[in-house]
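In: pasting the structure only:
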């Protein structure tokens, strides 16, 4: 079914970084091995976005389907967990090879598990890796590590994984490509009068009730999981666009900022949601004392704390813990996520960023607290430069 041309074009939100989720039905469209039939246009969109100075993280399904195609008659559709894990391991290589064959850039595989995203330190490590890959101009291809995941600890379908990754990398937009071109007010496969919904301002119970279940053997999620993912993204301040990845014209229109599909609004501003959490999360694990110049710069917002601005450290905390940043009068200036532990910060306090690797033997980056992980508590007027360089 393809009713894309009945959907009026609308403007996509402006974005600099997006997460694109591609479903199994677009990679194993005929229930067999992987095919570039639909993936080629999506890869073209990614390359065009990169040429425009934008960044895309790809969350790709298809590994299990690819593994099943390799084994063919030896793997059935009702395989148990262990067989699915084996199929995922077998199918990861051809799935990555497909995207590499279609991309002008190097492709990197990133496999995540529930533990990676539940443990704050590993969460930050995953985010740092993805950011570095994007900075290097590499296309990260993310999937759940099904080879080691068990049902009770799985992140779930890749729609929801894409929403989690969108929040992980501070994306401006979540794009979900599938064989369904939009959200409809009824199941269009069963109701000839079903009408597409172009815009959803809020995911109300009535909207969610319109969703159906998985529509094919290759996929693990249907429209309901897409709305669940959009809900997660909305809470993180990220809008979601649902569209058909089978229609080349629809995919090409995305390059020009036009959507033929359903746009689901964010519930709040992206930074507003994150900053609110940083300001109001439970008590911080420790405190970083900064000099007066650093305090003034931090209070102005949009800056990172570098080691040169650190005058001392109170308490014991680990990388990824929430900490308070205080000035010389012990007033809280900001709260944020520590890029280094308290032990490491004591060694780095007052030093230049270029000295980090020499002092520690390794580096997690130049910042003690990155500006994306920092929320100002008091205000003052200052420049938006990074402090303590």
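Out: Received it, and whenever you're ready, just let me know what you need. Quick caveat: nothing in here was measured; it's all calculated off a predicted structure.
In: Could you count how many residues lie near residue 192?
Out: Using other CB atoms under 10 Å, residue 192 has 7 neighbouring residues. C-beta here means a position set from N, CA and C on the backbone, and glycine is covered the same way.
In: my bad, residue 359
Out: Counted with other CB under 10 Å, the neighbours of residue 359 add up to 13.
In: For it, give its distance to residue 99.
Out: Taking CB to CB, to the nearest Å as the measure, residue 359 falls 39 Å from residue 99.
In: ditto for residue 288
Out: For residue 288, the distance to residue 99 under the criterion CB to CB works out to 41 Å.
In: more neighbours, the two?
Out: Neighbours were tallied for residue 288 and for residue 99 using other CB under 10 Å; the higher tally belongs to residue 288 (29 against 23).
In: any idea which element the nearest residue to the more buried one once chain neighbours are set aside lies in?
Out: Taking CB to CB, 6 or more residues apart in numbering, and ignoring the residues beside it in sequence, residue 288 has residue 325 as its nearest neighbour in space, at 4.9 Å. Residue 325 belongs to strand 322-326 when assigned by DSSP states H and E.
In: ok, residues contacting that strand?
Out: Outside strand 322-326, the residues that touch it by CB atoms under 8 Å, 6 or more residues apart in numbering are 278, 281-282, 284-290, 295, 298, 305, 317, 332-338, 369, 374.
In: Throw together a ChimeraX command that grabs the buried residues out of the residues you listed.
Out: Those of these that meet the burial criterion (16 or more other CB atoms under 10 Å) are gathered into one ChimeraX selection, given here:
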select :278,284,285,286,287,288,289,290,295,298,305,317,333,334,335,336,337,338,369,374
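In: Which ones among the contacts of strand 322-326 lie within helices?
Out: With helices identified by DSSP state H, the entries of the contacts of strand 322-326 that belong to them are 278, 295, 298.
In: The first one against residue 336, yeah?
Out: It refers to residue 278. Yes: distance between residue 278 and residue 336: 6.3 Å, which falls inside the contact criterion (CB atoms under 8 Å).
In: Flag the shaky bits of the stretch 51-200 of the chain, pLDDT-wise.
Out: Along the stretch 51-200 of the chain, the parts satisfying pLDDT under 70 run over 73-79, 118-120, 146-156.
In: how about the strands of it, start to end?
Out: For the stretch 51-200 of the chain, the strands identified by DSSP state E, counting those that start in this stretch occupy 55-60, 107-112, 139-144, 173-178, 183-184, 196-197, 199-200, in order along the chain.
In: which of the ones you listed is buried the deepest?
Out: For the strands of the stretch 51-200 of the chain, average neighbour numbers computed from mean count of other CB atoms under 10 Å are highest in strand 173-178, which has a mean of 28.
In: Distance from the chain centre to that one, please.
Out: The chain centroid and the centroid of strand 173-178 are separated by 11 Å under CA atoms, centre = their mean, to the nearest Å.
In: from here on, count from 35
Out: Okay, residue one is now 35; in that scheme the one you just asked about reads as strand 207-212.
In: ok, residue 211 - contacts?
Out: With CB under 8 Å, 6+ apart as the criterion, the residues that contact residue 211 are 54, 55, 56, 57, 60, 76, 277, 278, 279, 285.
In: ditto for residue 73
Out: Going by CB under 8 Å, 6+ apart, the list of residues near residue 73 reads 56, 60, 61, 132, 133, 136.
In: pLDDT wise, what is the residue sitting furthest away from the middle of the chain at?
Out: When distances to the mean C-alpha position of the chain are computed (CA atoms, centre = their mean), the maximum falls on residue 363, with 38.5 Å. Taken from the predicted model, the pLDDT recorded for residue 363 is 93.
In: any idea how far residue 348 is from it?
Out: Counting by CB to CB - residue 363 and residue 348 are separated by 14 Å.
In: cool, residue 102 as well?
Out: Between residue 102 and residue 348 the distance, using CB to CB, works out to 55 Å.
In: mind checking pLDDT for the residue nearest to residue 407 when sequence neighbours are not counted?
Out: Residue nearest to residue 407 in three dimensions, not counting chain neighbours: residue 371, with 3.9 Å by CB to CB, 6+ apart. According to the model's per-residue confidence, residue 371 sits at a pLDDT of 90.
In: Write down the beta-bridge partners of residue 371, one by one.
Out: residue 356 (DSSP bridges).
In: wait, what's in contact with it?
Out: Shown in contact with residue 371 (CB under 8 Å, 6+ apart): 154, 158, 312, 354, 355, 356, 357, 403, 404, 407, 408.
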